[in-house]
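> Predicted model follows, preceded by the sequence.
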Amino acid sequence: MTTPARVIVLPKEPGPLEIIDVELPDPGPFQVVVKQFASGICHSQLHQMSSPRDQPVLLGHESTGEVIQCGQEVSHVAVGDTVIITWVPRDIQGTERVPESATLLLPDGSTASCQSVFTWADFTIADEQYVVKVDDDIEKEVTSIIGCAVMTGAGAVGNTAGVKKGSSVAIFGAGGVGLSAVVAAKDIGADPIIVVDLDEEKLKFAKLFGASHTINASENDPVQAIKDLTRIDSKRNISQAPVEGADYVFDCIGIKTTMEQIVPATRSGHFGAEAGGTAVLVGVPTTSVELNAIDLLVNEKKFIGSIGGSCHPDQDFPKFLDWHKTGKLDLEALVTKRYTIEQINEATTALKSGEITGRSIIVF
């Protein structure tokens, strides 16, 4: 039978987010209906809110919940199971079927769409590929950010870049994604772990998660500061200058300034001996970027992208949950603000204005 739900909708025309009462349909063969506990509030939704659209949009892409209905072809979860919803397919290699994004018929007759899933709702319906079974005894609210923030930051370090023990790491952005990257770098044994941000309070916060050094980019040139911290006088680049820069540099913001800083902040090659370091774009870009091709060439650097931390949710989420359980990943500290569904416009305004340290969530 259908399920009554309260859903946050981004209207077609510019204006505040709306909370609309809808009826979720019975699940299709490969769909799951989930009663939600909590959902993360991500910068990606701000990008969606500022983008043009030709129909109403459903938002949110990370949450925790309990399964209340399953389609007839769904076998990996059952009614009553605790799950994490994410926007990355949990096991795309295990199926030839393309997972489908949900749509909803709104009371005014219009159809609202989403990107893979929508989690800003007290109940949601999703393709089973976006629903990951987890243990029932997890903390039900703060773990909601594993489905995007944690997997994106931690996965970029461990999966995309393959950071090794003893490597130097620099991370631009001390939000939820950047701090998750810090935790992963610390777990691997990277050293130093350098965090760059414009906000001194966020930099202090980053040290709680494992940052060994912090750089306030409003007061210092972050590229030069990273080079100063990582210089190796015994090694020389093609110009016979000391090798400097971090082995891995992550941009967890995605603005033009930071995208153009991560390559020069990356370690130059040791001429004739070893290639340079790797710059990783993690934050969602909204502008074009200019890179110094000569620097990339002669210092044999790499500039790569990481989407969703290159994660395989069925495999990676249990590890992140174990980090939380054992104290490596303090999600209680990382989640610094909770909102009700009625406060969603307040929540997105706070995120846009930079008021959120760590990550904020909606609790249903």
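That came in fine, so what should we check first?

> Would you state the helices of the stretch 1-150 of the chain in chain order?
In the stretch 1-150 of the chain, the helices defined using DSSP state H, counting those that start in this stretch lie at 43-50, 149-155.

> Buried deepest among those helices, which one?
For these, the largest average neighbour count (mean count of other CB atoms under 10 Å) is found in helix 149-155, namely a mean of 29. In this view, the C-beta of every residue, glycine as well, is placed from N, C-alpha and C.

> List the contacts of the nearest residue to residue 123 once chain neighbours are set aside.
Computed as CB to CB, 6 or more residues apart in numbering, the closest residue to residue 123 that is not its neighbour in sequence is residue 5, at 3.9 Å. Contact analysis of residue 5 by CB atoms under 8 Å, 6 or more residues apart in numbering lists 21-24, 121-124.

> quick revisit: least reliable of the helices of the stretch 1-150 of the chain by average pLDDT, please.
Of all the helices of the stretch 1-150 of the chain, the minimum mean pLDDT falls on helix 43-50 (a mean of 89).

> Just the CA trace of that helix, in CSV.
This file holds the C-alpha atoms of helix 43-50, laid out as CSV (Å, rounded to 0.1, in the frame of the first residue of the first chain):
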residue,chain,number,x,y,z
HIS,A,43,27.1,21.3,-0.2
SER,A,44,26.0,19.4,-3.3
GLN,A,45,22.4,20.3,-2.5
LEU,A,46,23.4,24.0,-2.5
HIS,A,47,24.7,23.5,-6.1
GLN,A,48,21.4,21.9,-7.1
MET,A,49,19.5,24.8,-5.5
SER,A,50,21.4,27.4,-7.5
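
> thinking again about what came up before, now the contacts of residue 5 as TSV including distance to residue 40?
Output for the contacts of residue 5, formatted as TSV (distance: CB to CB, whole Å):
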residue	distance to residue 40
21	23
22	21
23	25
24	21
121	13
122	15
123	17
124	13
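
> And the buried ones among these, selectable in PyMOL?
Selection of buried members from the contacts of residue 5 for PyMOL, criterion 16 or more other CB atoms under 10 Å:
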select buried, resi 22+24+121+122+123+124
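
> Kindly state the domain boundaries assigned to the protein.
What the record gives for the chain is the domain set 3-137+330-363, 152-308, from automatic domain parsing.

> Deepest-packed of these, please.
Highest mean neighbour count among the domains of the chain (mean count of other CB under 10 Å): domain 152-308, with a mean of 20.

> Spell out the secondary structure type for residue 345.
Under DSSP: H, G, I helix; E, B strand; the rest coil, residue 345 falls in the helix class.

> Pretty sure it sits against residue 16.
Yes - taking CB atoms under 8 Å as the definition, residue 345 is a contact partner of residue 16 at 4.9 Å.

> Would you mind giving the contacts of residue 5 as JSON lines with pLDDT added?
Converted to JSON lines, those look like this (pLDDT from 0 to 100):
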{"residue": "21", "pLDDT": "97"}
{"residue": "22", "pLDDT": "96"}
{"residue": "23", "pLDDT": "95"}
{"residue": "24", "pLDDT": "96"}
{"residue": "121", "pLDDT": "98"}
{"residue": "122", "pLDDT": "98"}
{"residue": "123", "pLDDT": "98"}
{"residue": "124", "pLDDT": "98"}
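
> now, which of the contacts of residue 5 sits nearest residue 104?
residue 22 (5.7 Å; CB to CB).

> bridging residues for the closest one?
Residues in a beta bridge with residue 22, per DSSP bridges, are residue 5.

> How much space separates residue 189 from residue 164?
For residue 189, the distance to residue 164 equals 8 Å [CB to CB, to the nearest Å].

> same question but for residue 103, I mixed them up
According to CB to CB, residue 103 stands 44 Å off from residue 164.
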